[in-house]
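Participant: Generate a structure from the sequence data that follows.
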Amino acid sequence: MSALPPPLFTVLDLGTARTTLLQIRLAEGRMQYAGHITQPSQGLRKGAVVGLAQAAEGIRAAAAALERQTGAPIERVFLSLTGAHVRGVSSQAGLALTSRSREVTREDARRVLDLARTLALPEDRQILHVVPQEFVLDRQGGIHEPVGMLAARLEARVYALTVAAGAKDNLVLAANHAGLEVEELIFAPLAVAEACLVAEDRHAGVAVVDLGAGSTGVLVYSQGSLAHAAAIPIGGDHFTNDIAIGLNTPQPEAERIKCGFGAAASSYAAESSAIEVPSLGERAPRLLPHRKLCECIEPRARELVRLIQAEVGKGGGLGAGLVLAGGAWRLQGFTEMLAASTGLPVRAAAPALLEGMPDELAEPEYAFAVGACYYAHRLVVRQQRPPSLWEKLRQKWAELGD
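Facilitator: Take a look at the predicted model:
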């Protein structure tokens, strides 16, 4: 009898500008690269589905291309979630165990975490992730595993990521219409953190900033735990739109000009330099000063920097600085502007590649796809052994959030 092929899992990074599918095989417990495909997205704007049929067709085409490449069928995916509708909220709860100290049980921990997870949300919002931050025993915080310790009072603090129910459901629906089942939705910066951060980053304080085409996701870690998450409704497409309006040029040409000549501030403009700008309609192209292009971009760049600075400031000290993922950060001068405004070190995300992965996946644009592989692998490994208390709670919370 022939041996069964190694199990596979697939990550779907469904962005506003492009769609990436990355497939991984598991061989003797190790992850190995199987293949990937990237192509322009359809039917999405600002991380949300605006054309269901177009979005589904784009996913279906990408899946078919990857299946031809790897020879393996794609049926289930781990799907990215971005967009300005993502919000984070802290919650905590406590239990009086007894009038005198006693040993904390797993049931105590489960009960207090269930209480902390109980959030009063509007009907149009759902919980996506609930991340335990710490337990507090008799006012002593910073405890991650309280079972077996002594206390009279037990408290739990968690951080919940919530999403607009309609936006979440439509992403899943687009994948379903493409013939794919969604294993789990993952907030993109969480996966970026999986691929690009080490424990020292999280303890020192670090912010992951995922600059996509439609929006910018922010995730802040402090003292080893998730402290703040947010989504900013500005991304690379907003720069493109400003150029299209400011220079009276078609959107595709504005994108080309941005990528080839754009800069975050007019101080980066080449002196006495001009660029050719196609006109709308049948009019002839024009030569315009490079400075005029940069002047179209600078107000939006400064606005985005200001909003990022406000969000990362809500999570405490950031000794490890900012880690930038996505594609919009590549705008010339943007990282320098962000570093100068925040006074923090800024570096590009560098995903830790898996066995067999091509070097191109080490770029910040692929940080989600690579990080989601680590995230998915943990779930696969958990299914092969008895679940821990944390994992039982995560599964229960996921079911309650659906």
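
Participant: Double-check that Glu303 belongs to a helix.
Facilitator: Yes: the assignment for Glu303 is a helix, going by DSSP: H, G, I helix; E, B strand; the rest coil.

Participant: In space, what's closest to it - neighbours in sequence excluded?
Facilitator: Nearest in space to Glu303, with sequence neighbours left out and distances taken as CB to CB, 6 or more residues apart in numbering, is Ile234 at 6.8 Å. For glycine as for every other residue, the C-beta is placed from the backbone atoms N, C-alpha and C.

Participant: swap in Pro132?
Facilitator: Of all residues not flanking Pro132 in the chain, Val158 sits nearest, at 5.3 Å (CB to CB, 6+ apart).

Participant: wait, isn't Pro146 in contact with Leu154?
Facilitator: Yes: here Pro146 lies in contact with Leu154, judged by CB atoms under 8 Å, at a distance of 6.4 Å.

Participant: ok so, going back, for the residue nearest to Pro132, which residues count as its bridge partners?
Facilitator: When bridges are called by DSSP bridges, Val158 pairs up with Ser91, Pro132.

Participant: Contacts only, for it.
Facilitator: For Val158, the contact set (CB atoms under 8 Å, 6 or more residues apart in numbering) comprises Ser90, Ser91, Gln92, Leu113, Ala116, Arg117, Val130, Val131, Pro132, Gln133.

Participant: Among the residues you listed, list the two that are farthest apart in space.
Facilitator: Ser90 and Leu113 (13.8 Å; CB to CB).

Participant: I'd like the distance between the spatially most central residue of the chain and Val370.
Facilitator: If you average the C-alpha coordinates of the chain and look for the closest C-alpha using CA atoms, centre = their mean, you land on Ala188, 1.5 Å from that point. According to CB to CB, to the nearest Å, Ala188 and Val370 sit 12 Å apart.

Participant: swap in Lys46?
Facilitator: For Lys46 relative to Val370 (CB to CB), the value is 24 Å.

Participant: Which one's more surrounded, these two?
Facilitator: Between Lys46 and Val370, counting by other CB atoms under 10 Å, Val370 is the more crowded of the two (29 against 21).

Participant: so where does Arg347 fall, helix or strand?
Facilitator: Take DSSP states H and E as the rule and Arg347 turns out to sit in strand 346-348.

Participant: what's next to that strand, contact-wise?
Facilitator: Gly321, Leu322, Val323, Leu324, Ala325, Trp329, Thr335, Leu338, Ala339, Pro364.
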